[in-house]
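Student: Pasted the sequence and its predicted model underneath.
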Amino acid sequence: MPHQPAPISNCPSCAARLRVARLECPECGLAVEGNFQSSRLALLSPEHQKFAEIFLATRGNIREVEQVLGLSYPTVRKRLDELVEALGADAVAAAGALNRRNEILSRIEKGDLTAKEGARLLREL
């Protein structure tokens with residue numbers, strides 16, 4: 001596997017977040033310039049990216065991640081916590097909101113909440 005350079009996410013001079021301004025096709029050379037959104041995953045360190053790839057490939061099975069990386073359970077959990085932290089509070093908040101939404105929908109389905117009560121709770125999210 002060819003070595004890929006580490007992603008650069010901050011300015012080496014002032015440390016401000018860099019933005020993607022140019023995309024170029026390596027085959028034909030076509031280039032598009034503008035102000036493009038960059039995924040937070042693309043801005044992770046190479047170590048965090050590799051861990052995320054393995055975590056997703058094992059479908060979040062921590063025991064399998066342990067085997068692939070040759071790490072202990074506590075170390076895998078620590079790296080997972082570091083990855084979540086690196087993605088930022090927005091990722092954690094979005095996951096929490098999705099969980100709350102699914103819980104409300106489940107309660108409506110079970111009959112624990114009326115549709116009207118559920119709709120009110122979903123709007124409050």
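Tutor: Okay, I see it. Residues are numbered from 1 along each chain as shown.

Student: Correct me if wrong: Arg79 contacts Phe51.
Tutor: Yes. Using Cβ atoms under 8 Å, Arg79 is in contact with Phe51, at 5.3 Å. For the C-beta atoms, the positions are set from N, CA and C on the backbone; glycine is no exception.

Student: hey, C-alpha coordinates of the helix or strand harbouring Glu47 in CSV?
Tutor: Secondary-structure assignment from DSSP states H and E places Glu47 in helix 46-57. The C-alpha trace of helix 46-57 is given here as CSV (Å, rounded to 0.1, in the frame of the first residue of the first chain):
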residue,chain,number,x,y,z
PRO,A,46,-4.0,9.4,10.2
GLU,A,47,-4.1,7.3,13.4
HIS,A,48,-7.7,8.3,14.2
GLN,A,49,-8.7,7.7,10.5
LYS,A,50,-7.2,4.2,10.6
PHE,A,51,-8.9,3.4,13.9
ALA,A,52,-12.2,4.6,12.5
GLU,A,53,-11.8,2.4,9.4
ILE,A,54,-11.1,-0.7,11.5
PHE,A,55,-13.9,0.1,13.9
LEU,A,56,-16.4,0.5,11.0
ALA,A,57,-15.0,-2.6,9.2
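
Student: Now do the contacts for Cys11.
Tutor: Arg17, Leu18 (Cβ atoms under 8 Å, 6 or more residues apart in numbering).

Student: That one and Lys50, how far apart?
Tutor: From Cys11 across to Lys50, the span is 24 Å (Cβ to Cβ, to the nearest Å).

Student: Quick one: low-confidence residue ranges for the chain.
Tutor: 1-7, 89-95 (pLDDT under 70).
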